[in-house]
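I would like the atomic coordinates for the input below:
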Amino acid sequence: MERIRLGLMLAAVLFFFSAAVARLVQFQIVEASEYSAIVEVQSSGKVPIPAERGMIYDRYGRVVAKNVTSQSLYAHPMSRRELNRVAAYLEKRLGLQPGEAVRCYHLTRDRFRWIQRHLDDQLADRIAEEAPRGLYLRVETQRQYPFGTVGKQVLGFTNIDNQGLSAFEYSLDSVLAGTSGWADIRRDGLGTTFKVREQALVKPIPGKTLVLTLDWQLQEIVEEELAAAVVKYNAKHGMAVFLDCATGEILAMADCDPNDTDPEHPTKLCAVTDQFEPGSAFKPFTAAVLLDAGVIVFSDSVYCEEGAWRVGRRTLKDDKKLGWLTFRRIIELSSNIGLGKCAQLVEGTSLIETYRKFGFGMRTGLNFPGETRGSLTPPQVWSEYNVAALAMGHSVATNALQMAVAMGAIANGGQLMQPRLVLGHVDERGRVNRDGAPVVVANPLKPTSADTLRAFLRGVVENGTGEPANSKFVRLAGKTGTAELPDLENGGYHKNRFLASFCGFFPADKPVIAGIVLLRDPRPVTYGGHTSGVTFRSIAERYTVSNPDLFAATERMCEVREEPLNLTAEVPDFVGRDLIQARILAEKRGVRIKCDVDIGMVVWQYPAPDRLVLAGDEVILAATAPGETRPGMVDLRRSTIRRATAFLEFAGIKYTIEGSGRIVYQSVRPGEPITDKLTCRLECRPI
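Here you go, the predicted structure:
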């Protein structure tokens, strides 16, 4: 009997251990993946971690869009107990009424809810120490634009989640955004969370860092001069585009709307989205058709009817009473009658065909948000008047980018280039890789015709309607335009409202940069040569003098070869000198200095040493007074945004920028001691 009981007990023990081993085999081997997933769900939670957005550089390595790191607070309670503790903590910390936290932040169990984005570092550290389970801190990046609103219409902007909402940030959002990762929120066996700072389970993949074709120095110059022109000529709006005529790489694009109520967040770039009738600025492309067809040469003469030519039932007019003119003088003096008569030598369909080769009536392929294609619609009947009207830029709709690209084809010898905004990307090793070679889209005119036409366009500036744009510093070539604005309410055209334009390139003999400047409804001066042409000249002069190496030989840059040394000055190195020495050196070099103290040691300057500037230009200095280790705040009023931000970055001062143009107000007074906690608010407007 005893033996039977022992046998039964042994059998029971063996059965128990066999069953236990069998269950372990089932849990650990047969159904391991299923139960592992259950454990993972019960002991952890996953929330997405956005990837760091790719940075953006200009063609010379200037950072134009970067990321600033901060911490943000969110709630993700996993139980009713955690939810109650989170709500109580938020109500205490934020001064809310009982129950208000749940309503305000829509708190619920096992759901992600943002509480506060981009916290102050001290507040984030305090929350990390005292926050209950269910509240978490996430390291986030926020987009920052070091040059303020400069180039904002090209760059666009992002929302608080770093998603691109307009312009370049929007069009290449998928490339810049990267791939999100996942954070792991760990809990113990009782369901209690034990990490407040989230930890990456799958690391996010950063977005690609891109290099633009833009030159931010030229971009800033264009924006400043365009804004100044809009104010000076009382224009309703201004646009400009400049590009490398040999490659099609866009160097600057800008708009200026004095009525823009939200300059911080422009929603479109009118230079590519808005269409207009180009008027006389379109005439070079008609001249290209005639020269290529061989139906006329520069010395052929045409009678211009003393200012009025009856064509069928209509009369074509010139601003001046002109008689016999050579074809070259027709272009230089912008005679509507002369060009209209010459255009009768070819068929209207030939005009349309060549215009299309110049890219009119179709998108450029830039793929910029909102880009228009324009229109180039042939009339139902090719009458003499219709041919003449088309030849002088009527019945054509285009945009500023198309005009600049087409002028670039004349400048480079006859090749229409694909415009580009992205130069390349930065790889993992920090090297810049170019994204493809320049692309030739078409060959709208012969090289010999282009040579002749370039000479004509130089003549426009030397002896024609563009004479006000003639410069001592750089040889300009181009064509003026003063087109009547269409009357959208009553039909037809306004007789006293105009679109003034200048489309050209520089240097004239060996072109490097082509572009266009347009001013809508300038008053009282309306002519393109006197308004847009002068603005084009100012842009070209400032950029040429600042970048002489881009234009090789001095004789190409300056008309009078004996003058350059008297017209320009090289910025000395003032840093490390006392102010008395700096003033003596500045006088010898032909520049002026501005400093807010009378005595002291120079610790910073702008522009940098060895830069070439116009003689008499101002160099701003920061100096430490005797006995001080840091300079006081500099007077930034009337300075450019670039100059102001250069000093603020040097001094380590945080800043915000409102508006565009030059600085008119700074919240930190000149001379105020600089501390690490300072934040300076700058207000700007065109001056």
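
use CA for all of it now, contacts and neighbours both
Will do.

just the pLDDT for His425.
pLDDT recorded at His425 is 85.

likewise Thr354?
93.

for Ala442, see how far away it is.
Distance from Thr354 to Ala442, counting by C-alpha to C-alpha, to the nearest Å: 10 Å.

cool, and Thr247?
13 Å.

for the stretch 401-550 of the chain, which segments are assigned as helices?
Secondary structure of the stretch 401-550 of the chain (DSSP state H, counting those that start in this stretch): helices at 447-463, 532-546.

overlap in contacts, Thr247 and Ala442.
Shared contacts of Thr247 and Ala442, defined by C-alpha atoms under 8 Å, 6 or more residues apart in numbering, are found at Met417.

would you agree Ile593 is in contact with Leu585?
No - if you go by C-alpha atoms under 8 Å, Ile593 and Leu585 don't touch, sitting 10.0 Å apart.

counting neighbours, what do you get for Asp487?
12 (other C-alpha atoms under 10 Å).

cool, Glu129 as well?
Using other C-alpha under 10 Å, the number of residues around Glu129 comes to 9.

try the one 10 residues further on
When neighbours are defined as other C-alpha under 10 Å, Val139 has 16 of them.

ok, now the one 3 residues further on?
Here the neighbour count serves as a burial measure; for Gln142 (other C-alpha under 10 Å) it reads 18.

check which residues of the strand or helix carrying it are buried.
Assigned by DSSP states H and E, Gln142 belongs to strand 135-144. For strand 135-144, burial by neighbour count (16 or more other C-alpha atoms under 10 Å) applies to Leu135, Tyr136, Leu137, Arg138, Val139, Glu140, Thr141, Gln142, Arg143.

ditto for stretch 91-98
Glu91.

do the same with stretch 243-258
243-258.

try stretch 293-311
Ile296, Ser301, Val302, Cys304, Glu305, Gly307, Ala308, Trp309, Val311.

can you list the weak-confidence ranges in the stretch 151-300 of the chain?
160-162, 183-201, 261-267 (pLDDT under 70).

Gly459: neighbour count?
The number of residues packed near Gly459 is 23, by other C-alpha under 10 Å.

tell me how far it lies from Gly504.
12 Å.

intersection of neighbour lists for these two?
Common neighbours of Gly459 and Gly504, using C-alpha under 8 Å, 6+ apart, are Ala477.

then the helix or strand hosting Ile663 to CSV, C-alphas only?
Per DSSP H and E: Ile663 is located in strand 662-666. C-alpha atoms of strand 662-666 as CSV (Å, rounded to 0.1, in the frame of the first residue of the first chain):
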residue,chain,number,x,y,z
ARG,A,662,16.4,98.1,-43.0
ILE,A,663,16.3,98.2,-39.2
VAL,A,664,14.1,101.1,-37.9
TYR,A,665,13.8,99.9,-34.2
GLN,A,666,15.8,97.8,-31.8
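
roughly how far out does that strand sit from the chain middle?
Computed by C-alpha atoms, centre = their mean, to the nearest Å, the chain-centroid distance of strand 662-666 equals 22 Å.

can you give me the strands for the stretch 151-300 of the chain?
181-186, 199-202, 209-212, 237-244, 250-256 (DSSP state E, counting those that start in this stretch).

how about these in CSV, adding distance to Glu82?
Below are those laid out as CSV (distance: least, C-alpha to C-alpha, whole Å):
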stretch, distance to Glu82
strand 181-186, 13
strand 199-202, 19
strand 209-212, 40
strand 237-244, 57
strand 250-256, 53
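
show me this protein divided up by domain.
Split into domains by automatic domain parsing, the chain comes to 2-43, 47-57+66-212, 216-262+279-421+438-557, 570-685.

can you give me how far stretch 460-473 is from the chain middle?
Distance of stretch 460-473 from the chain centroid (C-alpha atoms, centre = their mean) equals 30 Å.

using CSV, write down the CA coordinates of that stretch.
Listed next in CSV are the C-alpha coordinates belonging to stretch 460-473 (Å, rounded to 0.1, in the frame of the first residue of the first chain):
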residue,chain,number,x,y,z
VAL,A,460,19.8,100.6,-75.7
VAL,A,461,21.7,101.5,-72.5
GLU,A,462,24.4,103.7,-74.2
ASN,A,463,22.2,105.7,-76.7
GLY,A,464,18.6,104.7,-76.3
THR,A,465,15.7,104.4,-73.9
GLY,A,466,17.8,102.6,-71.3
GLU,A,467,20.4,105.5,-71.0
PRO,A,468,19.4,106.3,-67.4
ALA,A,469,20.6,102.7,-66.5
ASN,A,470,24.1,103.4,-67.9
SER,A,471,26.7,102.8,-65.2
LYS,A,472,30.3,103.9,-64.4
PHE,A,473,31.0,100.6,-62.7
